[in-house]
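Undergrad: Sharing a sequence plus its predicted fold:
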Amino acid sequence: MSYIRYDPSRPTGIPTRLMAQNIPSTESSGSAAGGPSASLPAPAFSPLYQQIKGLILQSLQAGEWKPGESIPSEIDLAGRFRVSQGTVRKAIDELAAENLLVRRQGKGTFVATHAERQVQYRFLRLQPDSGAAAEEGPAQRSIIDCRRQRASADVARALALRSGDAVVQVRRVLAFAGLPTILEDIWLPGGPFKGLTAERIDGHQGPTYALFELEFGVRMVRAEEKIRAVLADAEQSRLLAIAAGTPTPLLSVERIAYTYSDTPMELRRGLYRTDTHHYRNQLS
């Protein structure tokens, strides 16, 4: 494994091999008297491939390569960063394992996109009790409401906004095989999603996250979820076509989705019917 040693004698603290990339310094200054302090941390070490991974992530975040586009070859990236091809390959391997890049045999490496079939439902773990999810086909979406509003305290906290900042709220029902199955409330920061309307959501035939990528330049790269069991109230029962007076348990799934640099871009609260579907997660 290759490592970078940060040389405290260099005024910028940038490793010699990657000076051109302007990697931030982590060195600390000496004591006020000018001499070394016993409390200073030891020189920081970072695997070289992790530094390259960080530089590739910076390019992804800056939009140098868009979702679905190919990135430069390993040889070209090795020349750009002045490291070995093996170091670049290890960095790309990690990014591919994190579903940020996709390798295609004989074609190269591409920026992952939610428009691809194998990525479309990466965050949706609901499965039918009988048959395969592919047999159900895509969900039928019904937009109930889409409006701009001021963020409440809990929504602002989840999206790293200030209370009262502008957000877009979407309420919709997803049906499978004609049966209403999921009721979702979605909150998005108003700035990045300016111009999002119910018509634009309805007019997009693919996954919603692909819409966010293509029309707003926001790619969700990971998500965190909280799951609990709840009972539907009268309004929720009506929207999910649950017979009145039937105590049907629902799964309440609260998700925060993040783009690059762990920036929260979506708060989603879903209620999932459990009489025809179950939540499936594969752990490794």
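TA: Ah, there it is. Numbering: from 1, shown residues only.

Undergrad: Low-confidence ranges, the stretch 151-284 of the chain, go.
TA: Across the stretch 151-284 of the chain, the ranges flagged by pLDDT under 70 are 282-284.

Undergrad: next one: the stretch 1-150 of the chain
TA: 1-44, 115-125, 131-135.

Undergrad: now the helices: where do they sit in the protein?
TA: 48-61, 74-81, 85-97, 117-120, 133-136, 153-158, 198-203, 208-216, 234-239 (DSSP state H).

Undergrad: Mean neighbour count for those - can I get that in CSV?
TA: In this view, the C-beta of every residue, glycine as well, is placed from N, C-alpha and C. Conversion of the helices of the chain to CSV gives the following (neighbours: other Cβ atoms under 10 Å):
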stretch, mean neighbour count
helix 48-61, 19
helix 74-81, 16
helix 85-97, 17
helix 117-120, 13
helix 133-136, 12
helix 153-158, 16
helix 198-203, 13
helix 208-216, 20
helix 234-239, 14
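
Undergrad: so which of the ones you listed comes closest to residue 262?
TA: For these, the distance to residue 262 is smallest for helix 48-61, at 10.9 Å, taking Cβ to Cβ.

Undergrad: Next, report how far that closest one is displaced from the centre of its chain.
TA: Between the centre of helix 48-61 and the centre of its chain there are 17 Å (Cα atoms, centre = their mean, to the nearest Å).

Undergrad: Restrict it to CA atoms and write it as PDB.
TA: Presented in PDB, the C-alpha positions along helix 48-61 are these (Å, rounded to 0.1, in the frame of the first residue of the first chain):
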ATOM      1  CA  LEU A  48      -2.300   7.500  -1.600                       C
ATOM      2  CA  TYR A  49      -5.200   5.800  -3.300                       C
ATOM      3  CA  GLN A  50      -7.500   7.500  -0.800                       C
ATOM      4  CA  GLN A  51      -6.100  10.900  -1.800                       C
ATOM      5  CA  ILE A  52      -6.700  10.000  -5.500                       C
ATOM      6  CA  LYS A  53     -10.200   8.900  -4.600                       C
ATOM      7  CA  GLY A  54     -10.800  12.300  -3.000                       C
ATOM      8  CA  LEU A  55      -9.600  14.100  -6.100                       C
ATOM      9  CA  ILE A  56     -11.900  12.000  -8.300                       C
ATOM     10  CA  LEU A  57     -14.800  12.800  -6.000                       C
ATOM     11  CA  GLN A  58     -14.000  16.500  -6.200                       C
ATOM     12  CA  SER A  59     -14.200  16.300 -10.000                       C
ATOM     13  CA  LEU A  60     -17.600  14.400  -9.700                       C
ATOM     14  CA  GLN A  61     -18.900  17.000  -7.300                       C
END
